[in-house]
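Enquirer: Quick check, what structure comes out for this input:
(2 chains)
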Amino acid sequence: MIRFRVNGRAAEVAESGARLLDVLRLELGLCGTKEGCGEGEGGACSVLIGERVVNSCLVPVSQVDGCEVTTIEGLASPALARAFVEEGGAQCGICTPGMMCAAEALLRACPRPTIDQVRAALAGNLCRCTGYTKIFAAVLRAAGERAAGEQAAGERAAP
Amino acid sequence: MASVGRRVARVDGWDKVTGAARYVDDLTIAGCWFGATVRSTVPHGRLRGLHREPTFDWDRVVLVTAADIPGDNVIALIEDDQPALAKTEIHHVAEPVALIAAPTPELARAAACAVQLDVEPLPAVLSLFDATRVFREYEITKGDVAAARAHADLIVEGESTTGAQEQLYIEPQGMIAQPRPGGGITVLGSMQCPFYVHRALMRVLGLPSEKVAVIQTVTGGGFGGKEEYPSMLAAHAALLSRKAGRPVKMVYDRQEDIAATTKRHPSRVRHSTAVRRDGTLLAMDIDIALDGGAYCTLSPVVLSRGTIHAAGAYACPNVRVRSRVLMTHTPPHGAFRGFGAPQTLFAVEMQVERVARALGIDPVDLRRRWLLREGDTTATGQPVVAGAAAEVLERALAQYRSKSSPPPPPPRRRGVGVSLYLHGAGFTGSGEDKLKGRAAVRVAEDGGFEVLAASTEIGQGTRTIFAQLAADALGVPYQQIRVVEPDTSCVPDSGPTVASRTCMVVGRVVEEAARELRAQLLRWGESARVTAPDLSALAHERARRAGPLAVEKVYAPPPGIHWDDAAFSGDAYPVYAWGANVAEVDVDPDTGEVEVTRLVAAADAGRVVHPVLAEGQIEGGAVQALGWALTEEVKYQDGRVLNDRLATYIIPTSADVPVLETVLVEQPFAHGPAGGAKGIGELPMDGPGPAIVAAVAQATGVLLPELPLLPEKILAALEARGEREEAGR
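Expert: Next comes the predicted model:
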């Protein structure tokens, strides 16, 4: 058996050559992760393994044994979600779950990215609707709000 | 507080950012089988038969061929020339010939591979340049071109070409068909036009209207690509479902989607322009050829829009446009954002650049001189109202000048190019008059307000703007409006979600219906002596005491517009939207690579209903145009798409585009909703292509009027000028 955690909950599936994408969608019912091309070019199937963003269509499920997998359903970043809605970062929405996973990986590794760091970090996630400008705005706004939130939390915690 | 003009949160936003939105492939239906398609591998041939591999266990699957079609073997559209399944003749590679349904997708694919087609190949026409069979032709005549040419100081001639372009919505095409008790069928899936699918299904299945229901699921992008093809896929899923007696899901993978579905029409446009030395425009003579592919599908209307836009945003007293769309043995070309206009607008903008060079006049000054002003007439003789050509041009230039860019790192060369264009919103000619799009607003049984329309949300924001328009007309917060899922069995036919018509045309109907509903509700309140603190409370009282209340309205085109289909003249559209771009590029002379370092878009789409959504349309369209201009080449070999993958068909990524600079100009259209909205969906696709090519021309000194402008072409041009000796060694 392959044992791993998805969005903080234990998962157990039979050992097979199945793609992580199919296990998430078909076995675990996590349909937020989408298939755009099936060959790792579009990024609609992006999820986090640990802190790293991967194309789940290219990952055999046996590779995630013992790992922590995070999908859009478990992303738990209200600032990022709000920014995508309000800045217009999601239009048709099909790339959005993968795009937000890639953005989350960036913000964890680099809490205050520059615009060029955002452009580079999202380059594996294709969007055909937005032209990307509003996605950049959403990611930068979420970074700012998270940093402000942490600063406020830090000040509250200070004696 | 009014919601129009504000950045309210889109109504489908939260579902999309949490992964809760359910697209067609996310739906599981008990007992559902999966479909696969057997397709032709030759571009033209006689279908002699179909052989099933004897070793395969055919009892485990269902096979459908043309012989199983209960109604007409046709996908109903304009000419009704495209079969649902080829029967005797193959007209293009990837043409559907047979269908398989099986309990698993793997088994369905295996069965499809176990079917061999016996085809006798026939000679094929594979390029526009060899095509002779004409699907449709048009001619526009304004003034006297021959007489005007006799008085010219100069005649400038030139040709422009554009290639096919794949819509590349990120969600591939998909449908689920379910038999209904009593012999009907329900089809749900990814689409733009539920009533197109409805009409096609009735015809293929031979069913009356009430036995067919079509429901749009959350749709992951369309851009025209889900205008006509969903009728084909829905027909296939339905045929399988009826034979198998169970639900059948068909979802294409990316390769099948690119190989088989429609693309933008390739074009070849020739211009011959008569001018005086001082830049006075005397006459335009334009010849257009579009590659329609193997079947007529939507080509006549793509061509008519292209023809009407061919003279661009310019006032020319004498114009002749001759146009035709021709048959080739490639998969049919179809709707893609802009619908023929981007091709002909590219050509006219290239011609402005040529004339400016020939006369030694700055191309921007030439545009200022030629552009259509209020009261001038277009090529079809339509007087310009709510025009904004001058304003969008100056606003785009002002935005460009408001910032300076760092100089390009050597050896890269900088260039700046400009484009100016217009885009007619709504159906062409008398289309809206014939269509009579309908929409309704009602107080539902539970007392809530609902908008009922067939217009689909495909990412552009239909649900949000309908909620805004209805809310403001009713005088309630927009959160109180539910926009009902398009289901042909319960929404009126608003017409298709195409042609930049959803806001301007259907939005106006929604607004009128909501206004009337408010009046009726208030009248009911008075007569029933009901007092309520607000309209929402009154609506709940109404539903409780007297049941639902609905108002349906029909679109009425603006008064006084006339179109003559025979003469191809008159008011081609209710109104035009206007756009201008400034593109700044860096060209690497060693690699031919082009980087767009800045892209400014100024757009007038009348009153802006939602600034974020409006900018989103402009930015998204601009980047699709950037891809069409620089990287998106559909490569065909013997009629087959060679690059049918995301790894080989290259659309722009976040690393390929600058932060776009968008300027919204608001020139209200008296007959639009919300005090003057026009259509915006397609306009942004028209201008970046020519602006980028003009910028490359300034950087390199060579005008290369062909899209996509690939690095190889730029290098070859530089070589031809003797600028790259090393390359010749």
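
Enquirer: In chain A, where is pLDDT below threshold?
Expert: A:158-159 (pLDDT under 70).

Enquirer: Go through the strand or helix carrying B:Leu538 and flag the buried ones.
Expert: According to DSSP states H and E, B:Leu538 maps onto helix B:535-546. Neighbour-count burial for helix B:535-546 flags B:535-536, B:538-539, B:541-543 (criterion: 16 or more other Cβ atoms under 10 Å in any protein chain shown). Using the backbone N, CA and C atoms, a C-beta is placed for each residue, glycine as well.

Enquirer: Look up how far B:Ala514 lies from B:Val530.
Expert: Using Cβ to Cβ, to the nearest Å, we find B:Val530 at a distance of 20 Å from B:Ala514.

Enquirer: And the closest residue to B:Asp153 other than its chain neighbours, what's its pLDDT?
Expert: Nearest non-adjacent residue to B:Asp153, counting by Cβ to Cβ, 6 or more residues apart in numbering or on different chains: B:Arg277, 4.5 Å away. B:Arg277 is assigned 97 on the pLDDT scale.

Enquirer: what does B:Thr41 give?
Expert: At B:Thr41, the model reports a pLDDT of 97.

Enquirer: list the contacts for it?
Expert: B:93, B:117, B:119, B:640 (Cβ atoms under 8 Å, 6 or more residues apart in numbering or on different chains).

Enquirer: Quick check: it is in a helix.
Expert: No: counting by DSSP: H, G, I helix; E, B strand; the rest coil, B:Thr41 is not found in a helix; it is coil.

Enquirer: mind listing what the closest residue to chain A within the stretch 101-250 of chain B touches?
Expert: Nearest residue of the stretch 101-250 of chain B to chain A, counting by Cβ to the nearest Cβ: B:Gly220, 3.0 Å away. By Cβ under 8 Å, 6+ apart, the residues touching B:Gly220 are A:34, A:92-95, B:23, B:169-171, B:190, B:459.

Enquirer: Setting the sequence-adjacent residues aside, check what's closest to it.
Expert: B:Glu171 (2.4 Å).

Enquirer: Neighbours of that neighbour, how many?
Expert: Neighbour count of B:Glu171, defined by other Cβ atoms under 10 Å in any protein chain shown: 29.

Enquirer: can you give me the strands in chain A?
Expert: Secondary structure of chain A (DSSP state E): strands located at A:2-6, A:9-13, A:46-49, A:52-55, A:68-70.

Enquirer: which of those strands is buried the deepest?
Expert: strand A:46-49 (a mean of 26; mean count of other Cβ atoms under 10 Å in any protein chain shown).

Enquirer: can you give me how far it is from the chain middle?
Expert: 6 Å (Cα atoms, centre = their mean, to the nearest Å).

Enquirer: can I get the CA coordinates of that strand in CSV?
Expert: What follows is strand A:46-49, C-alpha atoms only, in CSV (Å, rounded to 0.1, in the frame of the first residue of the first chain):
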residue,chain,number,x,y,z
SER,A,46,-0.3,21.4,-10.1
VAL,A,47,-0.3,20.3,-6.5
LEU,A,48,2.2,20.7,-3.7
ILE,A,49,4.3,17.7,-2.5
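
Enquirer: Note down every partner strand of that strand and its orientation.
Expert: Applying DSSP bridges, strand A:46-49 is found paired with strand A:52-55 (antiparallel), strand A:68-70 (antiparallel).

Enquirer: Return the distance of the closest residue to B:Thr502 other than its chain neighbours relative to chain A.
Expert: Spatial nearest neighbour of B:Thr502, excluding adjacent residues (Cβ to Cβ, 6+ apart): B:Ser455 at 4.7 Å. In this view, B:Ser455 and chain A are 15 Å apart by Cβ to the nearest Cβ, to the nearest Å.

Enquirer: go on, B:Leu298?
Expert: In terms of Cβ to the nearest Cβ, B:Leu298 sits 21 Å off from chain A.

Enquirer: Can you read off the pLDDT for that residue?
Expert: At B:Leu298, pLDDT is 97.

Enquirer: residues touching the closest residue to chain B within chain A, list them.
Expert: Chain A approaches chain B most closely through A:Gly32 (2.1 Å), counting by Cβ to the nearest Cβ. Applying Cβ under 8 Å, 6+ apart to A:Gly32 gives the contacts A:71-73, A:97, B:18-20.

Enquirer: from the residues you listed, which single one is nearest B:Ala124?
Expert: B:Ala124 lies nearest to A:Pro97 out of the contacts of A:Gly32, by Cβ to Cβ, at 42.3 Å.

Enquirer: in terms of contact, does the closest one touch A:Lys34 like I think?
Expert: Yes: between A:Pro97 and A:Lys34 a contact is recorded at 6.3 Å, counting by Cβ atoms under 8 Å.

Enquirer: Which neighbours do these two have in common?
Expert: Common contacts of A:Pro97 and A:Lys34 (Cβ under 8 Å, 6+ apart): A:Ala44.

Enquirer: Report the separation between the residue of chain A closest to chain B and B:Trp14.
Expert: 13 Å.

Enquirer: Now do the shared contacts for the two.
Expert: Common neighbours of A:Gly32 and B:Trp14 (Cβ under 8 Å, 6+ apart) are B:Ala20.

Enquirer: Next, B:Arg320: secondary structure please.
Expert: Assigned with three-state DSSP, B:Arg320 falls in the strand class.

Enquirer: Kindly provide the distance from it to B:Thr307.
Expert: B:Arg320 is 11 Å from B:Thr307, by Cβ to Cβ.

Enquirer: Between those two, which contacts overlap?
Expert: With Cβ under 8 Å, 6+ apart as the test, B:Arg320 and B:Thr307 both reach B:Ile140.

Enquirer: Between the two, point out the one with more neighbours.
Expert: B:Thr307 (30 against 20).

Enquirer: Pretty sure the more buried one sits in a helix.
Expert: Yes: applying three-state DSSP, one finds B:Thr307 inside a helix.

Enquirer: Could you verify my assumption that it touches B:Arg324?
Expert: No: with contact defined as Cβ under 8 Å, B:Thr307 does not count as touching B:Arg324 (9.5 Å).

Enquirer: any shared contact partners between those two?
Expert: B:138, B:288.

Enquirer: And the strands in the stretch 51-200 of chain B?
Expert: B:62-64, B:89-90, B:96-102, B:115-121, B:134-142, B:154-162, B:174-180, B:184-189 (DSSP state E, counting those that start in this stretch).

Enquirer: which stretch among these comes nearest B:Ile651?
Expert: That would be strand B:154-162 among these, by Cβ to Cβ, at 16.2 Å.

Enquirer: Tell me the strands beside the closest one, with direction?
Expert: Per DSSP bridges, strand B:154-162 is paired in its sheet with strand B:267-275 (antiparallel), strand B:706-707 (parallel).

Enquirer: Now it: average pLDDT?
Expert: Mean predicted confidence for strand B:154-162 is 98.

Enquirer: who's in contact with it?
Expert: B:149, B:264, B:266-277, B:342-343, B:346-347, B:350-351, B:354-355, B:358-359, B:628, B:689, B:705-707.

Enquirer: Thanks again, I'm all set now.
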